[in-house]
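Participant: give the three-dimensional model of this entry:
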Amino acid sequence: MSGQVIVVGCGVIGLTTAITLRKSGLSVQIWTDAAPERTASAVAGATWFPYRALPMDRVLHWTRRSKTYLNAMAGDSRTGVTIRESQQLWRHDLDGDPWWASVVPDLARCPRDALPPGFRDGYSFTQPVIDMRVYLGYLTDWFRKAGGAIVQRTVTSLDEPTADVVVNCTGLAAAKLVGDNDLVPVRGQWVRVANPGITQVVADFGGPDGEAYIIPHEDSCILGGTADEGVWDTTPDMETASALVARCGELDRRLLTAPVLEHRAALRPVRPAGVRLEAEARDDGPLRIHNYGHGGSGVTLSWGCAEEVQNLLSQRLS
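Facilitator: Residues are numbered from 1 along each chain as shown. Below is the predicted model of the structure:
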């Protein structure tokens, strides 16, 4: 395949898309107004898990493909990807397996007598856990070493890039850039604390005071979280932070005295109508492909969506 491509946006979706297209032989640049470490992706949890993204059938395919990539990376310490045991705990009886069960072959129900007090059911499985402080740097180096270029500039219109193909990976910024009123910010806040020896991901999505989850890395744990729909403010709130530590402390009391290292907040680009991944029908000008609106599943969908962008390009350019 030959041609020139400009990918707009340098979060995990933009980087992964650019790498995939560069691997196919295309000349690729990323245009971005923020370096990767300053994007919303940089402060994500992050684990492989489909969260606040639709439609389910496409999401299942994308998550399955992305999981294959992330599992393969887990053996390389440079990537920031590890495979960890995970538990999702529920305070009510579950009715069957979750909708994403087909992508997780080792999914099992937690024995009732092994559940912590207050919980009635749960799932256990393994999942990729991604340290975004490392992972984004790994992807950036990969792209540059493959011959890609990152150009830091603000894009106010998709008519600005001059290339054979323009790929829109701008996340929440697409609301203004292409006038997509379906995009909704869903604010997430997290606290990063020193890891007191935790190795397992634990999540309680049904707590009476809000969800709580613990995502361990080697040196720290990410404690979450919030899902504040329609909130644009990314300033961490200290009262919310204290509540997060308290809720996660109910899951593991060691966290109540763990030193706080960092407060984080960012906006998830949620699109209730579903992820927009499509080629735009145009009478003239460069081919445009849109790849945004991944909600809280940017890492989880990234590689599968990048493959679909590549397939769309292959069909059009051939």
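
Participant: part of a strand, is E278?
Facilitator: Yes. Under DSSP: H, G, I helix; E, B strand; the rest coil, E278 falls within a strand.

Participant: hang on, it packs against I289?
Facilitator: Yes. The criterion here is CB atoms under 8 Å, and E278 meets it with I289 at 7.2 Å. To be clear about C-beta, it is placed using only N, CA and C from the backbone, and glycine gets the same treatment.

Participant: those two: which is more packed in?
Facilitator: A side-by-side neighbour count of E278 and I289, using other CB atoms under 10 Å, places I289 first with 25 against 13.

Participant: next one: that one from R58, what distance?
Facilitator: 15 Å (CB to CB, to the nearest Å).

Participant: quick one on the thing from earlier: what touches both of E278 and I289?
Facilitator: L312 (CB atoms under 8 Å, 6 or more residues apart in numbering).

Participant: the helices in the stretch 151-300 of the chain, which residues?
Facilitator: 174-177, 238-251, 298-317 (DSSP state H, counting those that start in this stretch).

Participant: shaky segments in this structure?
Facilitator: The chain contains residues with pLDDT under 70 at 1-2, 318.

Participant: make it 80
Facilitator: The chain contains residues with pLDDT under 80 at 1-3, 281, 283, 317-318.

Participant: now do the helix or strand in which Q127 is found against helix 298-317, angle only.
Facilitator: In the assignment (DSSP states H and E), Q127 maps to strand 121-130. Put simply, strand 121-130 runs at 60 degrees to helix 298-317, going by axes from the mean of the first three to the mean of the last three CA atoms, to 10 degrees.

Participant: sec struct for R65, please.
Facilitator: helix.

Participant: residue contacts, the closest residue to it other than its chain neighbours?
Facilitator: Leaving aside its chain neighbours, R65 sits nearest to G304 (3.5 Å; criterion: CB to CB, 6 or more residues apart in numbering). For G304, the contact set (CB under 8 Å, 6+ apart) comprises H61, W62, T63, R64, R65, S66.

Participant: hmm, the fifth one is touching E307, no?
Facilitator: Right, R65. Yes. With contacts counted by CB under 8 Å, R65 reaches E307, the gap being 5.8 Å.

Participant: gap between the two ends of stretch 109-121?
Facilitator: End-to-end span of stretch 109-121 (CA to CA, to the nearest Å): 7 Å.

Participant: could you do stretch 103-116 as well?
Facilitator: 26 Å.
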